[in-house]
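>>> My questions are about this predicted structure, shown below with the sequence.
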Amino acid sequence: MAKSPRPSLTTLRSRVQPQPHRLATIQPGSWRTANQSSAQRGYGYRWQKAREAHLLANPLCVMCKEQDGRAVPATIVDHRIPHGGDQCLFWDRSNWQSLCAHHHSSDKQRQEAADRAIRDASGDRQGTAGQVGDVGRG
């Protein structure tokens, strides 16, 4: 009995190609470029406990409440003024606000990008302390 020929399988070339024209999404000087863990940046056990207490005392997103009059549970404790590594500003509870993930990821980030663009256009390269922004993610 003759064997039937086996079908020849060819390997397809990859459809994923490098995109050299794309811009880097992580800016130089960002906390994301540092080789530090979240705990080393200040978001360890002490922060988790403080975050939990803040969300229990302030359970609703302040932006949802102000903009839409809606009562949406907050999941993130945000720093109104970015602390930029300043531990006094990091732990200043009057600098904290409760946000939902939507507002933290969209409106707040857009606001920070606009603030950075204004700062860069004015030639102010002093860092982020004293500006409206965020890094207090819980």
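That came through, no problem. Residues are numbered from 1 along each chain as shown.
>>> Tell me, how many residues neighbour Ala39?
Neighbours of Ala39 under the rule other Cβ atoms under 10 Å: 12. C-beta coordinates here come from the backbone N, C-alpha and C atoms, glycine included.
>>> That one belongs to a strand?
No: counting by DSSP: H, G, I helix; E, B strand; the rest coil, Ala39 is located in no strand; its state is coil.
>>> So for the closest residue to it other than its chain neighbours, what's the pLDDT?
Spatial nearest neighbour of Ala39, excluding adjacent residues (Cβ to Cβ, 6 or more residues apart in numbering): Tyr45 at 7.7 Å. If you check Tyr45, the pLDDT there is 92.
>>> hmm, who's touching stretch 58-71?
Identification of contacts with stretch 58-71 by Cβ atoms under 8 Å, 6 or more residues apart in numbering yields Val72, Pro73, Ala74, Gln97, Ser98, Leu99, Cys100, His103, Asp107, Lys108.
>>> show me the contacts for the fourth one.
Taking Cβ under 8 Å, 6+ apart as the contact definition, Gln97 lies against Asn58, Val62, Val77, Asp78, Arg80.
>>> tell me which element it falls in.
strand 96-99 (DSSP states H and E).
>>> Buried residues, that strand. List them.
Trp96, Gln97, Ser98, Leu99 (16 or more other Cβ atoms under 10 Å).
>>> Determine which two of those are furthest apart.
Greatest spacing in these, by Cβ to Cβ: Trp96 and Leu99 (9.9 Å).
>>> got any residues that touch both of these two?
Val77, Asp78.
>>> ok, back up a step: out of the contacts of Gln97, which sit inside helices?
Among the contacts of Gln97, the members falling in helices (DSSP state H) are Val62.
>>> Tabulate the contacts of Gln97 (a markdown table), appending neighbour count, pLDDT and distance to Asp115.
Output for the contacts of Gln97, formatted as a markdown table (neighbours: other Cβ atoms under 10 Å; pLDDT from 0 to 100; distance: Cβ to Cβ, whole Å):
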| residue | neighbour count | pLDDT | distance to Asp115 |
| --- | --- | --- | --- |
| Asn58 | 14 | 97 | 23 |
| Val62 | 17 | 96 | 18 |
| Val77 | 23 | 95 | 20 |
| Asp78 | 23 | 93 | 14 |
| Arg80 | 17 | 91 | 12 |
